[in-house]
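Participant: fold the following for me, if possible:
(one chain, ligands or ions: 2)
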Amino acid sequence: FDPTTRTISYLQPRSYLPVKSLIQGEKKRILVTGGAGFVGSHLVDRLMLIGHEVIVLDNFFTGRKNNLSHWMGHPNFELIRHDVVDPFLIEVDQIYHLACPASPPHYQYNPIKTVKTSVMGTINMLGLAKRVKARFLLTSTSEVYGDPEEHPQAETYWGHVNPIGPRACYDEGKRVAETLTYAYMHQDSVDVRVARIFNTFGPRMNENDGRVVSNFIMQALKGEELTIYGDGLQTRSFQYVHDLVDGLILLMNKDYMEPVNLGNPDEYTIREFAELIRNEVNSSCKIKTLPAPTDDPKKRRPDISRAEQILGWKPRWPVKQGIGETVKYFQRQMEAGLIG
Ligand code: NAD
Ligand code: UDP
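Facilitator: Ligands and ions are numbered 1, 2, ... in the order given. Have a look, this model is predicted:
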């Protein structure tokens, strides 16, 4: 825009990251629900770079347009504000169904809406897949295993979930989403994939979404005390987001319909993890203990034999390296005044 002449110049095209040119037949139309969120935006980046056409549906509950601003206006990209609880019709070849808040404070903020998103949203997207004969991938979760009595957790484990606790809206919502997925497969021959995702972190996590990785990094960057909930002996296994995106795309394009765990088996107690963040970010930070949340799973580690065997996939990013990248991201956001 030239303010002197008050005219808009149409001559300078916007520059984008270089996307591949796929030949007809290879180029797919792909719908990503929840594509403005943390995982979804990384998946969109990869699908765009590969050269596909990508349509994102998002209601921006936890997602942000900023996560996708670098694709706005690209001829292969479309962003639509839509709540998956309402039906949606579009011609696509593949559907990655991610729409659902994932951090405990977010999914517990409005538990009824979380259940509706998982149940009605998944019915709508499966109905769409059936109607347009698209392949459908559900991003399920390690939470379907609940507070597990089997360790590590393999896909054959049925889980140990409290159906009426504060986590139930998410855990049971995803369990029903899996049930629906296999019902549509058996009853209506929908071509389905189910990824059970374990704790994932990386740039574009919401800085205040309450998950342990973003909490600890932000606390350490601000010189605040790191908050450990409970005795800190509970464990989690953390995977870097680029590994997850590799796994999701491999699974979508493989002829395999059973659930597949995607996670990094590198397991830490939360206390060990706090020490790791302190060493990487700010060794002068103190640690404080807060009460343990209700039904907090005591241990969690994926058995990834199936992913290794079927997809030839295993995580490539060491946790420390991923943490380094994530810290740099939050630092840059703070310097730019985007977060405080
Ligand atoms: P996120 O909260 O960053 O992203 C979720 C996205 O879905 C957001 O953009 C949000 O606005 C959108 N959304 C929520 N409800 C919606 C609705 N009703 N209609 C349309 N859009 C809606 O979470 P994330 O970490 O990116 O998780 C993405 C998916 O992966 C979720 O399905 C989650 O259950 C699954 N998952 C994530 C993890 C993890 O550690 N990040 C672990 C297991 C499973
Ligand atoms: N946690 C913690 N301090 C925090 C946030 C979380 O000790 O500031 C603990 C939480 O109680 C849980 C673990 O870290 O045991 C992982 O929590 P998160 O919310 O990241 O994921 P989820 O519980 O869904 O695995």
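Participant: list the residues that contact the closest residue to P104 other than its chain neighbours.
Facilitator: Distances taken as Cβ to Cβ, 6 or more residues apart in numbering place G210 nearest to P104, at 6.2 Å, with adjacent residues excluded. To be clear about C-beta, it is placed using only N, CA and C from the backbone, and glycine gets the same treatment. The neighbours of G210, taking Cβ atoms under 8 Å, 6 or more residues apart in numbering as the test, are 103-106.
Participant: apply 10 Å and report the result again.
Facilitator: Contacts for G210 (Cβ atoms under 10 Å, 6 or more residues apart in numbering) come out as 103-106, 108-109.
Participant: write the PyMOL selection for whichever of those are buried.
Facilitator: The buried residues among the contacts of G210 can be selected in PyMOL (16 or more other Cβ atoms under 10 Å) with this line:
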select buried, resi 103+104+106+108
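Participant: and the pLDDT at the residue nearest to P104?
Facilitator: G210 carries a pLDDT value of 94.
Participant: hmm, back to that, among the contacts of G210, which ones lie close to ligand 2?
Facilitator: 103-104 (Cβ under 6 Å from any ligand atom).
Participant: what parts of this structure come near ligand 1?
Facilitator: 33-34, 36-40, 57-63, 83-85, 98-102, 117, 121, 139, 141, 197, 199-200.
Participant: buried members of those residues into PyMOL, please.
Facilitator: With 16+ other Cβ under 10 Å as the criterion, this PyMOL line picks the buried residues out of the residues of the chain next to ligand 1:
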select buried, resi 33+34+36+37+38+39+40+57+58+59+61+62+63+83+84+85+98+99+100+101+102+117+121+139+141+197+199+200
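Participant: in helices, which of the residues of the chain next to ligand 1 fall?
Facilitator: 38-40, 117, 121 (DSSP state H).
Participant: just flag the most distant two among these.
Facilitator: F38 and G121 (17.6 Å; Cβ to Cβ).
Participant: show me what contacts the residue most central in space within the chain?
Facilitator: Residue closest to the average C-alpha location in the chain (Cα atoms, centre = their mean): V39, at 3.4 Å. V39 makes contact with 32, 96, 98, 102, 139, 197, 200, 202, 204-205, 241, 244-245, 248 under the criterion Cβ under 10 Å, 6+ apart.
Participant: circling back to that earlier point, from the ones in helices among the residues of the chain next to ligand 1, pick the one nearest T289.
Facilitator: F38 (27.3 Å).
Participant: for L31, give me its contacts.
Facilitator: By Cβ under 10 Å, 6+ apart, the contact set of L31 is 53-57, 78, 80, 88, 90-97, 125, 128-129, 132, 134, 136.
Participant: buried among the residues you listed? Make that a PyMOL selection.
Facilitator: The PyMOL selection below is limited to those of the contacts of L31 classed as buried (16+ other Cβ under 10 Å):
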select buried, resi 53+54+55+56+57+78+88+92+94+95+96+97+125+128+129+134+136
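Participant: mind checking which of the contacts of L31 land in strands?
Facilitator: The strands, defined by DSSP state E, take in 53-57, 78, 80, 94-97, 136 from the contacts of L31.
Participant: which two of those residues have the greatest separation?
Facilitator: Longest span within the ones in strands among the contacts of L31, Cβ to Cβ: E78 and F136, 19.1 Å.
Participant: secondary structure element for K299?
Facilitator: Using DSSP states H and E, K299 is not contained in any helix or strand.
Participant: re the thing from before, for the contacts of V39, please prepare TSV with the additional fields distance to S69 and pLDDT.
Facilitator: What follows is the contacts of V39, written out as TSV (distance: Cβ to Cβ, whole Å; pLDDT from 0 to 100):
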residue	distance to S69	pLDDT
V32	16	99
Y96	20	99
L98	19	99
A102	22	97
T139	23	99
I197	25	98
T200	22	98
G202	18	98
R204	12	97
M205	17	96
V241	18	98
L244	22	98
V245	19	98
L248	22	98
